[in-house]
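Colleague: I'll drop the sequence and a predicted model, then ask my questions.
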Amino acid sequence: MEFKNALVTGGGGFLGKAVVKKLLEKNLTVFSFSRHFYKDLEEMGVIQIQGDLSDAASVTAAFKNMDAVFHVAAKPGIWGEYQDYFRVNVTGTENVIAACFHNQVSQLIYTSSPSVIFDENDMENVDESVPYPETYLAPYPETKALAEKRVRAAAEKGLKTIIIRPHLIWGPGDNHLVPGIIKRAGRLKRVGRKDDLVDTIYVDNAADAHVWAWERLAANPSLSGNVYFVSQDEPVSKWDMANAFLAAAGLPPIKGSVSAKTAYRAGAVFEALYRFFHIQKEPPMTRFAAKELATSHWFNISRAKKDLGYYPRISTQEGLARLKEDLSRG
């Protein structure tokens, strides 16, 4: 089948825009479905459709004549009302799936997260066979897990789909991870051990994984329903990485530390206070954040290498250089 039209949900976002750029390189007509209009997407020649994922009719209309859909949009973060996360991450994904079936979209590439399997313990060299935990400490991983399950169920019903789980995406244009660290410069403290390791992924490498998944699925439909971890393929100390981000911004490294137990208890107190006083902004610490910061989480990406031909084209060193240059421009 010849692919002509591809749509990216959240095409104006950090990862979504990187996926859009990769698809444009394939000479496809690229569409973006988002709530907002983006000037830079217009300048790239992307056709923008404005709408809300929770509006089934809008999603169905947007997917007409699409050959492939990349469902990247989601509500991220570690704090907020459960129903807000459910509306975007679960209901939105249900609408995407229904629109794909209705419009006979050939492929759906879904962006998930390794947090869907996080059980509050160290996860070292784990693969895609690890089951979902029974409970979650935050609405984001719980709703992303529910959405992922729905995508996998859709594959069993005939929708050709692949699920990608990138971890800690960063790079120029990041509006979440790196800015969050920079914003807290001078107040950050190391939580737990110094030697725990995590996976990260440079944004262009994450985008490559999505596009390669689309290409490999077209060539080999038997891959449908598969889940893939992707990363820089070199677990690093999260504190070394955070310090590298700070250095790229010309800021001093993290000083001081707190124990994992202290951070968890502080998170529980902050959550209780913020809920009692109906404070909407994110607390300085949550139980989920404390557990994430105090544990290792890195993943075996052998399956992505084998099935998708995945490898990180941009090294961490090169990515940091690009990030530094981007931050220097303000």
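Modeller: Looks like it arrived, so ask away. Numbers count the residues shown, from 1 in each chain.
Colleague: Let me see the ranges of the strands in the stretch 151-300 of the chain.
Modeller: 161-166, 169-170, 190-191, 197-198, 201-202, 227-230, 236-237, 257-258, 297-299 (DSSP state E, counting those that start in this stretch).
Colleague: Would you point to the one among those that's packed deepest?
Modeller: Each of the strands of the stretch 151-300 of the chain was scored by mean neighbour count; the highest is strand 201-202, a mean of 27, by mean count of other C-beta atoms under 10 Å. No exception for glycine: its C-beta is placed from N, CA and C like everyone else's.
Colleague: Against which helices or strands is that one packed?
Modeller: strand 169-170 (3 or more C-beta pairs under 8 Å, 6 or more residues apart in numbering; DSSP states H and E).
Colleague: List the neighbouring strands of the strand it packs on plus their orientation.
Modeller: Sheet pairing for strand 169-170, assigned by DSSP bridges, gives strand 201-202 (parallel).
Colleague: which residues touch the partner strand?
Modeller: 166-171, 230-232, 312, 314, 316, 319 (C-beta atoms under 8 Å, 6 or more residues apart in numbering).
Colleague: Format those as a markdown table; extra columns: distance to residue 160 and pLDDT.
Modeller: What follows is the contacts of strand 201-202, written out as a markdown table (distance: C-beta to C-beta, whole Å; pLDDT from 0 to 100):
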| residue | distance to residue 160 | pLDDT |
| --- | --- | --- |
| 166 | 20 | 98 |
| 167 | 25 | 94 |
| 168 | 28 | 96 |
| 169 | 25 | 98 |
| 170 | 30 | 98 |
| 171 | 29 | 97 |
| 230 | 19 | 98 |
| 231 | 25 | 98 |
| 232 | 28 | 98 |
| 312 | 26 | 98 |
| 314 | 28 | 98 |
| 316 | 33 | 97 |
| 319 | 31 | 98 |
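Colleague: helix/strand/coil for residue 313?
Modeller: coil (DSSP: H, G, I helix; E, B strand; the rest coil).
Colleague: Measure how buried it is and give me the count.
Modeller: 10 (other C-beta atoms under 10 Å).
Colleague: Residue 213 now?
Modeller: Residue 213: 27 neighbours (other C-beta under 10 Å).
Colleague: what's the closest non-adjacent residue to residue 213?
Modeller: residue 162 (4.3 Å; C-beta to C-beta, 6 or more residues apart in numbering).
Colleague: Skipping its backbone neighbours, what lies nearest residue 255 in space?
Modeller: Residue 255's closest residue in space is residue 189 (C-beta to C-beta, 6+ apart), at 7.7 Å.
Colleague: Stretch 239-253 - what's its average pLDDT?
Modeller: Across stretch 239-253, pLDDT averages out at 95.
Colleague: which residues sit against that stretch?
Modeller: 170, 177-178, 181-182, 185-186, 188, 190, 194, 198, 200, 254, 320, 323-324, 327-328.
Colleague: surely residue 191 meets residue 286?
Modeller: No - if you go by C-beta atoms under 8 Å, residue 191 and residue 286 don't touch, sitting 11.9 Å apart.
Colleague: low pLDDT regions in the chain?
Modeller: 1, 330 (pLDDT under 70).
Colleague: Following element in sequence after the helix or strand hosting residue 49, please.
Modeller: Using DSSP states H and E, residue 49 maps to strand 47-50. Downstream of strand 47-50, the first helix or strand assigned by DSSP H and E is helix 56-62.
Colleague: Which strands and helices lie in contact with the helix or strand following that next one?
Modeller: For helix 56-62, the following helix or strand on the C-terminal side (DSSP H and E) is strand 68-71. With contacts defined as 3+ C-beta pairs under 8 Å, 6+ apart, strand 68-71 has these neighbours: strand 5-9, helix 14-25, helix 92-102, strand 107-111, helix 203-219.
Colleague: Which positions within stretch 82-91 qualify as buried?
Modeller: 85, 86, 87, 88, 89, 90, 91 (16 or more other C-beta atoms under 10 Å).
Colleague: Return the closest of the residues you listed with respect to residue 45.
Modeller: Nearest to residue 45 among the buried residues of stretch 82-91: residue 88, at 27.3 Å, using C-beta to C-beta.
Colleague: and that closest one, what does it touch?
Modeller: 53, 54, 73, 74, 75, 143.
Colleague: and the second one, what is it in contact with?
Modeller: Under the criterion of C-beta under 8 Å, 6+ apart, the contact partners of residue 54 comprise 87, 88, 91, 92, 95.
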